[in-house]
Each structure stands twice: as structure tokens, then as C-alpha cells.
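Enquirer: generate a structure from the sequence data that follows.
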Amino acid sequence: MREEGNVGGLMVIYKKAGSDETQFDLFHRLSDGEYVEYLAAYQRVDKAIGGGLEMYAEEALRQFESCLESIKKFMEEGNLSIIRASAELWQRSIICLALTFAASLNIHQEHGLTRAKRLHGKGSIGFVALKALFNREYDECQGYRISYKLRNLLVHHTIECVGLHLSAREERSPGGIVVGDKYSAIARLRRDQCEETAKEYLNVAIRNELAEMEEDPDLLPLFRDALASIHRVARDGFDVLNPELRKELSKVVELDELFGARTEGRALARFVPIAGTLPRQTSMPHTVLDPKIFSYAKEVLLLHSNSTSG
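Expert: Residues are numbered from 1 along each chain as shown. Presented below is the predicted three-dimensional model:
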């Protein structure tokens, strides 16, 4: 039943233990102004996070991982002749996906710095701060700096610097009995393609870093670390890239506090009159709220309040 002056509220959606029936618990009413303000703030922060170029990198990595998993599964199900015939096609697919991910890091940085320059001016505190964040990740994260440089290697040097390593080995029980085969598909950076002829595209420090490795590095963990790097830049540089959203971040944190300990199944509900019903009845469409948005908003506000107070 709709209460006068209330058009919506905070709701928790859950299932009772031992039951598949969905339950809706509307525990806090909102006025029209409150509902509109909270929903708009949540959606703007959600769009700023989900609409960023880091999502392009996330999707590129997801496809890279999926391709490797598909190759591995095909090896487990296929015969040797088909695997050999497919290896070249798999290799090309992995090279394309590796280039897509590496390029996404370059695009993310260029787009971020361009936006900071447009918003604050080149040489501004905001621009310099964002550039420092990218430099920090390059210096501190091996996955980021190698993945970032991989784009230049693939575009300007040779696509052969990415290789696909396929292997199969027998799996044995503790008693030494063969119980099956274990297959692996690993995309590696081929160091033999990154030596003297790649001088122009890899600095001495990275060439030395690669030379000290025991084997050609597996690209997947490097890519995962690189993705974590750009998420850190997006988080730490949120105020620089989205200065207009400080108020919205605060509203999202305020909404989080209203939910309190109810961390799962959060939703914003709205009362909508059902035409032609007497006495008048209402439906209750709702927007499910992602817990990650609340965590992100709190983390960003805390980070920037600490930097301001420091």
C-alpha cells in the first residue's frame, strides 16, 4: 500500500532458507525527491565506472581468457590431427586478442590524459597528478609495463613476439598409474623475438628484465596484473577525471548507510499505480543495486578525503 508522500523505498530481495520463493522486504520509505536523487546519483556513478575505457580492457581480457579455455577444451576433446590443423588458426586468434588488450592500455592512458587536459589544462595539478598515477603503475607493476609495450612490439616490430604453447602430459595416481592426460594452452611473450632487433621498441630496462626470466613469460597473469593497474588509476584518479561527481559519490555513500548491514539483494523500489484498479493498487518495479558501486564510492571518497586532509 502506498503511503501519502512516499513514491518508493529501499528494498532487500532474498530467498528464505530452504525455499526457492523470492521475498521482497521494503524496509524504508522515500519521498519523490529522495527517490529521484538517490537513483540519479547511483546511475551516474555506475555509468562513470562501467562506461570507462577500463571496461574495454576488461572485455579484451575476458575474450583472451575465453579463447585459451576454448583451445584447452578442444584439445581435451579433439584428436591429434585436428589439433595440429587448428594450431595456426589458434595462434592468429591469440595474437589478435593480445594486441587488442595491449592496445586498450594505450588507449586508456591517452584518453585519460586527454580528458584531464581538457578539464583542467595541460600542466595543471590534475593533469600532472593523473600522469603520475600512470607512471606509478608503469614503474611498480611488471604486468602493466610489459603489456603496455607489447602493443608497440606487435604493431611496429613483429606479430611473432606472441606465441601459443600447447602441451599434454600424463596424469598419474599416487601409485603411478596413468589416469588421464592434462592439457595446457599458454600464450607467451617470445623473448627470442624481443632481442637486438626490438631495441627501438623496448628500453634497456625491460630487455634486461625479460632476459632475467627463467622462461618466456605467460601473458595471462601479466594481463591480469595490468588490468588491476588501470583499475587503480581509475580509482585514484576519479576526482581528476570526474570532478563533477563528488556530490553523487556522497549520495551513494549516504544510500549505503541507509541500507546498513543489509549488504545483499539491495534495490530501489518505486510505487506505480495500476490503471483501472479499485481500490487503487500499485506495482513496485525496482532497480537492483550492485554492491561494487557502494564499495567503489566509499573507497574513492575515503582516498580523496585522506589526500585532501594530508
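
Enquirer: drop to CA atoms for contacts and neighbour counts, all remaining ones
Expert: Fine.

Enquirer: for Leu302, grab the count of nearby residues.
Expert: 12 (other CA atoms under 10 Å).

Enquirer: pull out the buried positions in the host helix or strand of it.
Expert: Per DSSP states H and E: Leu302 is located in helix 291-309. For helix 291-309, the neighbour count (16 or more other CA atoms under 10 Å) marks Ile293, Phe294, Tyr296, Ala297, Lys298, Glu299, Val300, Leu301, His304 as buried.

Enquirer: and stretch 221-234, by the same measure?
Expert: For stretch 221-234, a neighbour-count test (16+ other CA under 10 Å) marks Leu222, Phe223, Arg224, Asp225, Ala226, Leu227, Ala228, Ser229, Ile230, His231, Val233, Ala234 as buried.

Enquirer: likewise stretch 261-275?
Expert: By neighbour count on 16+ other CA under 10 Å, the buried set for stretch 261-275 is Gly265, Arg266, Ala267, Leu268, Ala269, Arg270, Phe271.

Enquirer: tell me what the second one is bridged to.
Expert: The residues listed as beta-bridge partners of Arg266 by DSSP bridges are Val12.

Enquirer: quick check: domain ranges of the protein?
Expert: If you go by automatic domain parsing, the domain ranges for the chain are 1-51+244-310, 55-236.

Enquirer: hey, least reliable of the ones you listed by pLDDT?
Expert: Least confident of the domains of the chain, judged by mean pLDDT, is domain 1-51+244-310 with a mean of 83.

Enquirer: who's in contact with the residue nearest in space to the middle of the chain?
Expert: Centroid check for the chain by CA atoms, centre = their mean gives Glu58 as the closest residue, at 4.4 Å. Each residue near Glu58 by CA atoms under 8 Å, 6 or more residues apart in numbering is listed here: Leu227.

Enquirer: that one belongs to a helix, doesn't it?
Expert: Yes - counting by DSSP: H, G, I helix; E, B strand; the rest coil, Glu58 is located in a helix.

Enquirer: where's it relative to Leu105, distance?
Expert: 10 Å (CA to CA, to the nearest Å).

Enquirer: what's the answer for Ser31, then?
Expert: Ser31 sits 43 Å away from Leu105, going by CA to CA.

Enquirer: who has more neighbours out of the two?
Expert: Neighbour count, other CA under 10 Å: between Ser31 and Leu105, Leu105 has more, with 27 against 15.

Enquirer: measure how buried the nearest residue to the more buried one once chain neighbours are set aside is and give me the count.
Expert: Spatial nearest neighbour of Leu105, chain neighbours left out: Tyr148 (6.0 Å); criterion: CA to CA, 6 or more residues apart in numbering. By the criterion of other CA under 10 Å, Tyr148 has 21 neighbours.

Enquirer: same check on Asp20?
Expert: Should you count by other CA under 10 Å, Asp20 turns out to have 9 residues around it.

Enquirer: in a strand, it, correct?
Expert: No - read with three-state DSSP, Asp20 is coil and lies in no strand.

Enquirer: and it, backbone torsions?
Expert: phi -90, psi 0 (degrees, to the nearest 10).

Enquirer: same question for Ser19.
Expert: Torsion angles, degrees, to the nearest 10, at Ser19: phi -130, psi 150.
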